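the amino acid sequence is not available; the structure is as follows:
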């Protein structure tokens, strides 16, 4: 069994949310961590109908049960009204809950403030490199994606197609997040081509036949259901004109591969390079959460087009990503331009496909993907 790196409290004394995209393994992690917990699975149709018709049953049943046990509510976004009962039980009975879900969007719309800070937040990502050592396979992860079932499968295409059709399209529509399923399906295809790119709502809207405000709302649905994230631009103290539009990254590169019809990708191709950048973002974001450092991530881009892929914090580190087997001076140009703009920058890293790490005379660390991952998860790359 692959051990996940998210450290949930052994004996929770306060309620918590566990968020994450579908099929990241949230339920499995909770069952493994808390085998004695009272479990309420809202994906079970009978359970869903029962509590959606009468949310107060939760309060009545727990008042009749022995105190002290953790209660897990799986897929809490299915019945947001239960959070009123959860709130009451936390306040009046000191009941501790594990609240698991894949979409805070429906919860926000159905209940104010997600318990007003009465529950801490955890987030589970797909597989990261450190969880798969010593057998981590970069090419497999980039082609299969990060979701556990897909990564481990020898034939992930059918699983990915089912995931896209049954969840990204049908279930999002069934939960009332979109009204027009065909236009949302077209949006997903168009948005997949924008992965790792600057967001242009007008361009995506034109390609999928909706208005720009609708395209923007669709992107927000992906963010709220944890299926994608914006990466903001770094705009502090610019000496030259910088781009301020955000970039967008899907949470799982396997989903992008299917939607964009990439097929199997080999190192050296342009598509592999885009997927490689998505992977580096995935690792950086997951480490930020699992380590509880919660550093800010951004990118830096001049109006001239010179760009550095990732800025950590307030210029603590700058990371450029190139899926190149041999790095040359042109690959290092953006990091050197950034250093001219921000003198306080000390750590500059280029993640690549070279076999051995090296350092340039002006202090840029050129790291193979495996070395980058090792340094990141050992806490030696980003403090």
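Everything's here; your move. The model shown is predicted, which means the values in this text are computed figures rather than measured ones.

so residue 351, which state does it fall into?
Residue 351 carries the three-state label strand when classified by DSSP: H, G, I helix; E, B strand; the rest coil.

which residue is the nearest non-sequential neighbour of residue 188?
For residue 188, the nearest residue in space outside its immediate sequence neighbours is residue 259; the separation is 5.5 Å by Cβ to Cβ, 6 or more residues apart in numbering. To be clear about C-beta, it is placed using only N, CA and C from the backbone, and glycine gets the same treatment.

doesn't residue 194 make contact with the one you found?
No - using Cβ atoms under 8 Å, residue 259 and residue 194 do not qualify as a contacting pair, with a distance of 10.6 Å.

just the pLDDT at the residue nearest to residue 188, thanks.
In the predicted model, residue 259 carries a pLDDT score of 94.

count residues in the vicinity of it, would you?
20 (other Cβ atoms under 10 Å).

residue contacts, it?
When contacts are counted by Cβ atoms under 8 Å, 6 or more residues apart in numbering, residue 259 is found next to 164, 188, 189, 191, 192.

go through the strand or helix carrying the third one and flag the buried ones.
Secondary-structure assignment from DSSP states H and E places residue 189 in helix 181-192. When burial is assessed from 16 or more other Cβ atoms under 10 Å, helix 181-192 yields the following buried residues: 183, 184, 185, 186, 187, 188, 189, 190, 191, 192.

can you check stretch 241-250 too?
Within stretch 241-250, the residues that count as buried by 16+ other Cβ under 10 Å are 242, 243, 246, 247, 248, 249, 250.

same thing with stretch 189-209?
So for stretch 189-209, counting by 16+ other Cβ under 10 Å, buried means 189-192, 194-196, 198-199, 201, 203-205, 207-208.

nearest to residue 331 among these?
Sorting the buried residues of stretch 189-209 by distance to residue 331 puts residue 196 at the head of the list, at 16.6 Å, by Cβ to Cβ.

give me the phi and psi for that closest one.
When read as degrees, to the nearest 10, the backbone of residue 196 gives phi 70, psi 10.

mind checking pLDDT for it?
The predicted local distance difference test score for residue 196 is 97.

do the same with residue 126
On the pLDDT scale, residue 126 is placed at 98.

may I ask which helix or strand encompasses it?
Residue 126 belongs to no helix or strand when elements are defined using DSSP H and E.

give me the residue at the spatial middle of this protein.
residue 251 (4.2 Å; Cα atoms, centre = their mean).

check the spacing between it and residue 320 real quick.
For residue 251, the distance to residue 320 (Cβ to Cβ, to the nearest Å) stands at 22 Å.

before we move on, what about residue 247?
In this structure, residue 247 and residue 320 are 14 Å apart, going by Cβ to Cβ.

likewise residue 119?
38 Å.
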